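Colleague: Predicted model and sequence below, questions to follow.
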Amino acid sequence: MEPVETDRLILRNFRKSDAAGLFAYLQAPVAGCFLSLRLESLAAAEAEAEQRAGSDEYLAVCLKQTDSLIGDVFAMQEDDTWSVGWNFNPAWGGRGYALEAARTLVAWLFSTGRARRLYAYVEDHNLASQRLCERLGMRREGLFLDFVSFRTDATGAPIYENTFQYALLRREWEAGR
């Protein structure tokens, strides 16, 4: 994907040089859904950054002034529908960067990506991501009880998460612009 600039950010493909920034938020992921992406070392982060560099699914979100990685947005295509999400370094939270990046991703998917529908899964306790979905104009479509497990308890039994599905249709996005 060609880099996309906003007022404060650049969304671009990953580079191997993004490894330290990626490691900063994936060495101890905050959201349970990212636990499977946990990185054990800077070497693992270099390999992950290099793998992401070969795809448009994960886009690096970087500060425009310094090109420093602060998080990522992602979109996985299923025909004319895309699963979207975001993962940011908590050190950069509360400044509107996730909203700025997600709005840019949504606009790109509906205009250039020719999406008809976008959806996101959000755990019921992840209030920040729920608010972000709503600020993007997404509707809460449903709640999946005991939907998925990202961790286990002390006995090894899965701990299941309740998960909301949010969605946005192209016509809703166009009406809200």
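Modeller: Here it is on my side, so go on.
Colleague: quick one, longest strand in the protein?
Modeller: Determined from DSSP state E, the single longest strand within the chain is strand 139-152.
Colleague: Quick check: what element follows that strand along the chain?
Modeller: Per DSSP states H and E, the first helix or strand lying C-terminal to strand 139-152 is strand 158-169.
Colleague: For the very next helix or strand once past that following strand, give the mean pLDDT please.
Modeller: Downstream of strand 158-169, the first helix or strand assigned by DSSP H and E is helix 170-176. For helix 170-176, the mean pLDDT works out to 95.
Colleague: now do stretch 159-166
Modeller: Averaging pLDDT along stretch 159-166 gives 96.
Colleague: Next up, phi/psi of the spatially most distant residue from the centre of the chain, please.
Modeller: No residue in the chain has its C-alpha farther from the mean C-alpha position than residue 155, which lies at 30.9 Å (Cα atoms, centre = their mean). Dihedral pair for residue 155: phi -90, psi 0, per degrees, to the nearest 10.
Colleague: What residues does residue 42 make contact with?
Modeller: Listed by Cβ atoms under 8 Å, 6 or more residues apart in numbering, the contact set of residue 42 reads 19-20, 23. C-beta: built from backbone N, CA, C; applies to glycine.
Colleague: so which of those residues is the most crowded?
Modeller: Among those, the one with the most neighbours (other Cβ atoms under 10 Å) is residue 19, at 22 neighbours.
Colleague: any chance you could map the helices in the chain?
Modeller: According to DSSP state H, the chain carries its helices in the segments 19-26, 42-53, 97-111, 127-135, 170-176.
Colleague: At the geometric centre of this protein, which residue sits there?
Modeller: Taking Cα atoms, centre = their mean, the centroid of the chain lies closest to residue 86, which sits 1.5 Å from it.
Colleague: on that earlier part again, the residue farthest from the centre of the chain and residue 8, how far apart?
Modeller: Between residue 155 and residue 8 the distance, using Cβ to Cβ, to the nearest Å, works out to 46 Å.
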